[in-house]
Each structure stands twice: as structure tokens, then as C-alpha cells.
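*Asks:* What follows is a predicted structure for the sequence shown.
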Amino acid sequence: MLRRLGSSSYDSFVASSIYIPVDLAYASAYFAIKEVSLMKNHAESVRLVLEKAMVERPTDPRFHAATGLAYAYLGREEEAIREGNRAVQICPVSRDALDGPQYIWNLAIIYTVIGEYEEAIGQLEYLLSIHAGHLISVPLLRIDTMWEPLRKHPRFQRLIQKNK
């Protein structure tokens, strides 16, 4: 992933439900390989851009979600949860069955990064219960390094077994 990011000509990855600046993608990659100082450096370098985007477009959940992730990588737990929840509130599953689950998935990542594993697993359970297959599946939970911190958690193991 790091090689691909380094050779990318894009400064961000954008879709209807995501906005991921390259530095945020780097932070995610460094989280996965436990390079904490590099993770924080990249998250900090994108934080101001994301905060400005949130102010300019306060009803766009993509910016709240991305800022929540940046805060999580920086260890700013309360702010991370606040922004992750704000994205979910702006685009709830009840209003948008396609994009809404993306923000719950993002919130699960935030909870995982900050070490709130029970909360993270709760979000994943919910996504599996609504069959958000475009985002999550048991095979993906098994192999995606993002969920590595959850692997030994008994509730996560039960989730994997229950949804085979």
C-alpha cells in the first residue's frame, strides 16, 4: 500500500461517501504496521485541511468522517468519536442505505484505532446485521489488517464464528 500511495498522482481519493486525502491513507497504512510516529505525522499534516473543509461544508459527512479518523490517529479520542458520530448523524442508514453504512464502518475504524474495541465490534455487528456487503463481510474481517487489534477479542471471535 505504501508503494502505491507513493506512486499515486492523486492528492485525495473521493467518492460519494468518502474523502481520503493521501496523508490520511498514509496514516491508515502506518497504523496497520504499527509505525506510530509516522502515522501521527501524516494525520497531523492533513488535520488542518480537514478542519477547514468541515467548516466550509459542515453538512458533508465525508469531511466529518475523515477528520474523525485523523483525530483518532492523533489520539484525540473525544474529538474523533464526535466527528465520526456527526458523519453518521448527517447521513444515517435510515435515510441512505448505500452511503450511510460507510459512516458506521468509519466509526468502527475510529473506535478500533482509539482502543474502544467493544464499541468497534458493536458497529461491525450492526453492519453485518443490515447486510452491508459492499463494505463488510466475515472473510474481509478475517483478512483486513485494520481489524487486527480486534482479532483476540472474544466478542470479535464470536462475531466471526456466528456469521460464517
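*Replies:* Arrived safely, thanks for sending. Numbering: from 1, shown residues only.
*Asks:* Apart from its chain neighbours, what residue comes closest to the residue most central in space within the chain?
*Replies:* In the chain, the centroid-proximal residue (CA atoms, centre = their mean) is residue 106; its distance is 3.2 Å. Nearest non-adjacent residue to residue 106, counting by CB to CB, 6 or more residues apart in numbering: residue 65, 4.3 Å away. (Glycine included, C-beta is placed from N, CA and C.)
*Asks:* and if you look at residue 51?
*Replies:* Distances taken as CB to CB, 6+ apart put residue 67 closest to residue 51, at 6.3 Å, once the chain neighbours are dropped.
*Asks:* low pLDDT regions in the chain?
*Replies:* Residues of the chain meeting the criterion pLDDT under 70: 7-10, 163-164.
*Asks:* Strands of that one, start to end?
*Replies:* For the chain, applying DSSP state E gives strands covering 12-14, 19-21.
*Asks:* out of the ones you listed, which comes closest to residue 151?
*Replies:* Closest of those to residue 151 is strand 19-21, at 24.0 Å (criterion: CB to CB).
*Asks:* so what strands line up beside that closest one?
*Replies:* In the sheet, strand 19-21 lines up against strand 12-14 (antiparallel) (DSSP bridges).
*Asks:* Enumerate the positions of the partner strand that are buried.
*Replies:* Judged by neighbour count (16 or more other CB atoms under 10 Å), strand 12-14 contains these buried residues: residue 12.
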